[in-house]
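>>> Quick check, what structure comes out for this input:
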Amino acid sequence: MKNKKTLIITMAIALTLIATVAILRRPIQVNAQDQQPPPVPERIFFGIVGITSGQTMRINVTSLIPPPVNDLPPSPIRVAMAFRYANGNLARNRKTGEVIRKVVDLESGDSAFLEVDYEMLPPGPTRAQLRAVVVVQPPPTQDTNLLQDGVCVPSVEVINNSTGKTLFMNPAVVRGFNPQPDPPSEP
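Residues are numbered from 1 along each chain as shown. Take a look at the predicted model:
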C-alpha cells in the first residue's frame, strides 16, 4: 500500500514537471518584418552661434515634401527644434524653467520657427553660445528618393530686436555636401 501511494505521488510530481516544461518551452510568437523599414529620424547639425542682449536667435524649417499626387495627401513630417549650450545642456526659459523647444507636424510646403531672445535665457555670460538642434521624422513612404532629396530646409538666423533686421543666417550642414570647389585641372 505504501508503494502504491509513493508511486502515485511520484507520478503526480512527474506530470507536474512535464506540464511545467511544456508550458515554458512553448514557441515564442514573432511578427514578420515589414518590407519597408520605418523612416529613421534625421538630425540636422548647426555650428555654435553667439547672441547677446538685444538679439534673438531663430530656427526656421520648411517642408520640401512634394504636393499631393492622385488626390492622396502626403503624410506630414514631424520636426523637433531646440537650443543647446556649448556644453550640450538644453536651453531653458528664465521665467518658467521649461526647455525652449517646439515639435510641429509640417504638411507639404509648410514652415515653422522657434525663437529664443537673449533676455529669455537664465543670467550668465554677456554672450550666450547656443547651437540649434533640429530632428526630422520623415513620413513613411514608398518613394526611396524622398530622403535623398531632403524633406526639409532648416536654417538659423540672428535678429536685431530693435530693428527687426537679420544680422546673419546660418544654413545647416547637409550630409555629403562639400562646398569646396574642385581643384583646378593641370594642363
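
>>> By mean pLDDT, which helix or strand of this structure comes out lowest?
Every helix and strand in the chain was compared by mean pLDDT, DSSP states H and E; the lowest is helix 146-149, with a mean of 45.

>>> now for the helix or strand following that helix, which elements pack on it?
Counting by DSSP states H and E, the element after helix 146-149 in chain order, helix or strand, is strand 152-160. The contact analysis (3 or more C-beta pairs under 8 Å, 6 or more residues apart in numbering; DSSP states H and E) places strand 152-160 against strand 49-52, strand 55-63, strand 127-137, strand 166-171. Quick note: C-beta positions are derived from backbone N, CA and C, even for glycine.

>>> Go through the chain and flag its longest helix.
As assigned by DSSP state H, the longest helix anywhere in the chain is helix 2-24.

>>> Just the C-alpha atoms of that helix, please, in CSV.
Written as CSV, here are the backbone C-alpha positions of helix 2-24 (Å, rounded to 0.1, in the frame of the first residue of the first chain):
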residue,chain,number,x,y,z
LYS,A,2,2.8,2.3,0.9
ASN,A,3,4.5,1.7,-2.5
LYS,A,4,1.2,2.5,-4.3
LYS,A,5,1.0,5.9,-2.6
THR,A,6,4.6,6.6,-3.3
LEU,A,7,4.1,5.7,-7.0
ILE,A,8,1.0,8.0,-7.3
ILE,A,9,2.9,10.9,-5.6
THR,A,10,5.9,10.3,-7.9
MET,A,11,3.7,10.2,-11.0
ALA,A,12,1.9,13.4,-9.9
ILE,A,13,5.2,15.2,-9.4
ALA,A,14,6.5,13.9,-12.8
LEU,A,15,3.3,15.1,-14.6
THR,A,16,3.5,18.5,-13.0
LEU,A,17,7.2,18.8,-14.1
ILE,A,18,6.3,17.7,-17.6
ALA,A,19,3.4,20.2,-17.8
THR,A,20,5.7,23.0,-16.5
VAL,A,21,8.4,22.2,-19.0
ALA,A,22,5.8,22.1,-21.8
ILE,A,23,4.4,25.4,-20.9
LEU,A,24,7.8,27.1,-20.6
